[in-house]
Structures are given as C-alpha cells and as structure tokens.
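Asks: generate coordinates for the sequence data below:
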Amino acid sequence: MALTLSELARLVDGDIVRGELDFLVEGIAALDEAGSAELSFLGNEKYRSQFLTTRAGAVIVPRGVAEGPEGVALIAADNPSFAFGLAVKLFVAATARTFQPGIHPRAIVDEAASLDATKVRIHAGAVIMAGAVIGEGSEVGPNSVVGEDVAVGKDCLLHANVTVRERCILGDRVIIQPGAVIGSDGYGYEVVEGRHVKVDQVGIVEIQDDVEIGANTTIDRARFGRTVIGEGTKIDNLVQVAHNVQLGKHCLLVSQSGLAGSSRTGSYVVVAAQAGIGGHVKIGDKAVLAGRAGATTDLEGGQTYGGFPARPFMEEQRSRALIRQLPKLVERVKSLEKQTGK
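Replies: Prediction:
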C-alpha cells in the first residue's frame, strides 16, 4: 500500500514542515535503514546523527524541528514515536495476525469448559481444563494450559506455552507472551523443627483489562485473597511478581525487575530494569524506580528514586559523585599526614 504525505499527516495528526503533498510513502523503517519511499521518525536526540544522514523519504520529527537532510520530507508531531506507531499499524495491517475461530483437533478441551468454538481459537496442543471459561474473540496458543475454573475475558491472546493456573481471572484484551506463568505458588515457608514447611497458597491472580505480560514472566498466586495486576499495566519479559502483590493501573515493569510479597504500588508507577520492591513496601502514584534501585521502605509518589536503599534520585546522584571523589580525598589525607609527620 502507499499513502501520500498529506494523508500521513492527517493520520498522525501532524503538520507537513517540508515536502510535496502528493509524495508517496510505501513503507516504514528505521532511520539508518529507510529508503527513499519509506517513513521513519526521530523520537530521541540520541539518534540525531542517524536523522542527519538518513535516506528516508519522510521523517516524523518533534515540533520545532524545521531542518533536516536534503530531499527528506518532514512531518512535525507532538509525539513522534506515538505518531510513527499509528503509521506502523496501518502499513502492517495486511500482514497482521488474523483471528480465525475454531478448535484444533489436537487441542484438549474438557467437556466441562465453557466456550463457543465459533468465537474462540484454540491451537494444537493447548489444554482447556474443566470449569474454564474462554471469552469471545480470545485465542489460546500452542501448548498453553488454561487451568480449572480459570476465567479468560474477551479478545485475549495467550501465546504459546503460557500457563494460567486454577481459578485465576483474566480481564478483557489481556495479552500474555510465550512462556509466562500466571498463578504459580507463592514462595512461602515456615521453619518448623528445623525444616522448611510449605505454606499453602490458596489465593488467585486477577489480571485486569488491557494488561500485557511479557515472555517468561511469573506472577504468583496469593497466599489467600488475590494478587492483582491493575488495568492497563504493561509487564516486560523476565519479571517476577510475588504473592499478594497489588499493582495499580497503568504501571510499567521493565525486564528483570521484581516485586516481593504483599508489596503495593499506586497507579502509573515505573519499575525500571533490575529494580526491586521489598516485601510489604508501598509505592505512591507516579513514582519511578530507576534501574537497579531497591525500595526497602515506603516511598512517596511523584518522584524518581535510585540506588539501594532507594532514595530521591538527585540525592543518590550527589552521593555517587562524592564516592567517586574518595580516592583523591584519601591521597590528599595521606599527603597531609606526611607533611605533618603523623
């Protein structure tokens, strides 16, 4: 397919800064790979050098950018990355996943499961156990397991090798990437007479609408009650969410982060890569934990935190700067000691 520059500008709610209105764009690509008939975008100043040398036919740029490589058309938008995403959806529509309802003959669907074979898709090797409910428009990928009495909402997508254990609840439009496990046992033991005795984990996991769970992420069932993943939250690959965690709405959890048991966050919280939240710790709305930060006490919302234990980011940066000066300070002390004879 192809769109004119003016059609693209309308699509992304942008303004043409430079270029012919009828210039045809036939595809999308990165700045360093795009050709003369393809669209790209500048969403981060780190890529300005690629922007200045790109061979793209058109580039979506932040508002205020009026100059660019010779012969490259420019469309200004408030959020170039989001605007480019709108274009991507249009150009890849022809190759996007199509929903074809039906149950593969090599799938195993218990007679006591509730689903409409004309309105769901169950792939080969998938297992749907007794009492499970699969909502209309939902798809269960190859070798995935939907456990007993699980409720899967409408228009959900469970990719290959996903496990959703007994009684867990998925809202509508939930996406779970390959290998994720929802509702595994929480990590709970008591020491009795010198032995680690398992504590029964009898709760569930509730995943609310429009949540996405990354590949090989694990979300543990509650010891009792519910582990809750709030509406619109997006969880990256290789994330651990422990028992009885309560995640607010529209949070972002980045790869290799971890939340210990009974921790809680408000809404719009960001937990960056390899950051962690300790057990029973509460994080306020719109707080950001920078990479490798460790929250060991409750943190107020609306701030960025870093380090271990986590503290306000600028405070942490000042401490790091002082630590880097320690070798020079030690040398100065040694020099003064020599001068004074001590």
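
Asks: nearest residue to Ala34 other than its sequence neighbours?
Replies: By the measure of C-beta to C-beta, 6 or more residues apart in numbering, the closest residue to Ala34 outside its immediate chain neighbours is Ala56, 3.5 Å from it. Using the backbone N, CA and C atoms, a C-beta is placed for each residue, glycine as well.

Asks: so what's the one you found up against?
Replies: Under the criterion of C-beta atoms under 8 Å, 6 or more residues apart in numbering, the neighbours of Ala56 are Ala29, Leu31, Ala34, Gly35, Ser36, Glu38, Leu39, Ser40, Val72.

Asks: from the contact counts, what lies against the strand or helix carrying Leu326?
Replies: In this structure, Leu326 is located in helix 313-340 according to DSSP states H and E. Secondary structure elements in contact with helix 313-340, counted by 3 or more C-beta pairs under 8 Å, 6 or more residues apart in numbering; DSSP states H and E, are strand 304-306.

Asks: list the strands paired with the strand it packs on, with their directions.
Replies: Within its sheet, strand 304-306 is paired with strand 288-289 (parallel), strand 311-312 (antiparallel), according to DSSP bridges.

Asks: so what are the sheet partners of the helix or strand following the first one and their directions?
Replies: Stepping forward along the backbone from strand 288-289, the first helix or strand reached (DSSP H and E) is strand 294-295. Strands flanking strand 294-295 in the sheet, each with its direction: strand 276-277 (parallel) (DSSP bridges).

Asks: which strands or helices does whatever helix or strand comes next after the partner strand pack on?
Replies: Under the assignment DSSP H and E, the closest C-terminal helix or strand after strand 276-277 is strand 282-283. Here strand 282-283 is seen to pack against strand 264-265 when contacts are counted using 3+ C-beta pairs under 8 Å, 6+ apart.

Asks: I'd like the average pLDDT over the strand it packs on.
Replies: Confidence for strand 264-265, expressed as mean pLDDT, is 98.

Asks: mind listing residues that contact that strand?
Replies: For strand 264-265, the external contacting residues (C-beta under 8 Å, 6+ apart) are Val245, Gln246, Leu247, Gly248, Cys251, Leu259, Val271, Ile277, Val281, Lys282, Ile283, Ala287.

Asks: direction included, what does the very next helix or strand once past that strand pair up with?
Replies: Next helix or strand after strand 264-265 toward the C-terminus (DSSP H and E): strand 270-271. Looking at strand 270-271 with DSSP bridges, its partner strands are strand 252-253 (parallel), strand 288-289 (parallel).

Asks: what's the first one in contact with?
Replies: This means strand 252-253. By C-beta under 8 Å, 6+ apart, the residues outside strand 252-253 that reach it are Thr233, Lys234, Ile235, Asp236, Val239, Val241, Leu247, Leu259, Val269, Val270, Val271.

Asks: roughly how far apart are the second one and Ala124?
Replies: Spelled out, that is Lys234. 29 Å (C-beta to C-beta, to the nearest Å).
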